[in-house]
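Asker: Sequence and computational prediction follow.
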Amino acid sequence: MVIGVAVGLLVLLAALAALAGLGALVLWALASPAEAQAACGGRSEMVRRLAQGFGEVQVGSGLSGERIVEVWAAPDGGTWTILVTTPGGISCLAAAGEGWVAAPDVPVGEPM
């Protein structure tokens, strides 16, 4: 199951990187198996680590197939994290970086 999740996340990350031009992606799927396992855990534990360790709060979420994709960021713009959670409740760090800037609320079809 971990390999299936890793492959799915790698595809998701490649799409995100291509769409958003994220040069600072940290791909846990490219880590060693031990490092990849350390980047996954129960959702409540992963969320606790993001909140307590980095001061991050959830700033967005969506569905990718059966997986929940969440974006977490520190309010001061210091760090951000993309967390992907499986239907079984296992969350994995998909990407992380620094220098988060929230996009302004712009109506659909309007230039930014």
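Answerer: Received the coordinates, thanks.
Asker: Please enumerate the strands of this structure.
Answerer: Taking DSSP state E as the criterion, the chain carries its strands at 40-42, 57-64, 67-73, 79-85, 90-98.
Asker: What count of nearby residues applies to the closest residue to L50 other than its chain neighbours?
Answerer: Nearest non-adjacent residue to L50, counting by C-beta to C-beta, 6 or more residues apart in numbering: E56, 4.3 Å away. Placement of C-beta: from N, CA and C, glycine included. Using other C-beta atoms under 10 Å, E56 has 23 other residues around it.
Asker: low pLDDT regions in this structure?
Answerer: 1-38, 112 (pLDDT under 70).
Asker: hmm, try it at 50
Answerer: Scanning the chain with the threshold set as pLDDT under 50 gives 1-37.
Asker: Look at the nearest residue to G60 once chain neighbours are set aside and say how many residues are nearby.
Answerer: Among residues not flanking G60 along the chain, V71 sits closest, at 4.3 Å (C-beta to C-beta, 6+ apart). When neighbours are defined as other C-beta under 10 Å, V71 has 18 of them.
Asker: And G89, by the same measure?
Answerer: Using other C-beta under 10 Å, the number of residues around G89 comes to 11.
Asker: go on, C40?
Answerer: Around C40 there are 21 residues (other C-beta under 10 Å).
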